[in-house]
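How does the following fold in three dimensions:
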Amino acid sequence: MRLGFLISILCVSGGFAQQFDVGGLIGYGVYRDVRINSAGGTATAGISNRFAAGAVVGEDLYSHISGEVRYVFQDGGPFLSTGSVRANIQGQSHTVHYDALFHIYDRDRRFRPFVALGAGGKYYRTSGPEPVPQPYPQIASLVKTNQWQYLVDVGFGVKYRLRNHVMLRGDFRDYITPFPKKLFAPKGSLTDRGLCQQFTPTFGLGYWF
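Below you'll find the model as predicted:
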């Protein structure tokens, strides 16, 4: 009886020791451009650099490891360029992923740097219209379409908890997906030289409990 009571107390205490946080993020996404080759020549393809915003829900289960679900909206659509000529389609992306955070200090500390590793999916969406005329029809054309891609992300950041349950945070993430080929219609076969990477620093404000 006493042993069962003790186990119950420990389980309840462990439950109360868990900490949660919810918050919002704002930042800027910078893409790494990709070179594409087709039958008609070579061009630079990519996604325009624009603002990013999102939300995060996190949970601290262990002293040095926590997890969080993140959603990030990134403005900016696909483009093609070569030399001084550039054309684009309006668009944006939506990213949903889960990250494991590895903290240097335990969860009793207010200042907690961390490194992050996660996976999820990214939805590339175009809202058009397509450019008329197309800038490089002999290489590829920009297409008003959408595409899901699987995603991995790596990064680092820091959390700072205030006594009134307000939490400040700064993050940097490298979002990595396969190149979204459906957004570009090639003339003949198309090959891309590299992955699509979105380097995204953000600052956030949240509530922890």
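
Any chance you could spot the residue sitting in the middle of the chain?
Nearest to the mean C-alpha position of the chain, by Cα atoms, centre = their mean, lies residue 175 at 4.9 Å.

isn't that one right up against residue 121?
No. If you go by Cβ atoms under 8 Å, residue 175 and residue 121 don't touch, sitting 10.7 Å apart. For glycine as for every other residue, the C-beta is placed from the backbone atoms N, C-alpha and C.

Report the contact partners of the closest residue to the residue nearest to the centre of the chain other than its chain neighbours.
Distances taken as Cβ to Cβ, 6 or more residues apart in numbering put residue 198 closest to residue 175, at 4.2 Å, once the chain neighbours are dropped. Residues near residue 198 by Cβ atoms under 8 Å, 6 or more residues apart in numbering: 29, 30, 31, 32, 47, 74, 93, 173, 174, 175.

Show me the beta-bridge partners of the residue nearest to the centre of the chain.
With DSSP bridges as the criterion, residue 175 is bridged to residue 153, residue 198.

related to what we said a few turns ago, show me which of the contacts of residue 198 are buried.
By the neighbour-count criterion of 16 or more other Cβ atoms under 10 Å, the contacts of residue 198 include these buried positions: 29, 31, 47, 74, 93, 173, 175.

Please list the outside residues in contact with stretch 150-159.
Outside stretch 150-159, the residues that touch it by Cβ under 8 Å, 6+ apart are 95, 97, 99, 111-122, 167-178.

typo on my end, stretch 180-189
Identification of contacts with stretch 180-189 by Cβ under 8 Å, 6+ apart yields 36, 38-40, 45, 78, 80, 89, 124, 126, 137-143, 145-147, 149, 190, 192, 196.

Restricted to strands, list these.
If you go by DSSP state E, these have 36, 38, 45, 78, 80, 124, 126, 140-142, 146-147, 149, 190, 192, 196 in strands.

Just the C-alphas of stretch 104-115, formatted as PDB.
Extracted in PDB, the C-alpha atoms of stretch 104-115 (Å, rounded to 0.1, in the frame of the first residue of the first chain):
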ATOM      1  CA  ILE A 104      23.000  22.700 -22.900                       C
ATOM      2  CA  TYR A 105      21.400  23.500 -19.600                       C
ATOM      3  CA  ASP A 106      18.600  21.700 -17.800                       C
ATOM      4  CA  ARG A 107      15.100  23.100 -17.600                       C
ATOM      5  CA  ASP A 108      15.600  24.800 -14.300                       C
ATOM      6  CA  ARG A 109      17.700  27.400 -16.000                       C
ATOM      7  CA  ARG A 110      16.200  30.600 -17.500                       C
ATOM      8  CA  PHE A 111      18.700  30.900 -20.200                       C
ATOM      9  CA  ARG A 112      18.900  27.800 -22.400                       C
ATOM     10  CA  PRO A 113      20.900  27.600 -25.700                       C
ATOM     11  CA  PHE A 114      20.000  24.600 -27.800                       C
ATOM     12  CA  VAL A 115      20.600  22.800 -31.100                       C
END
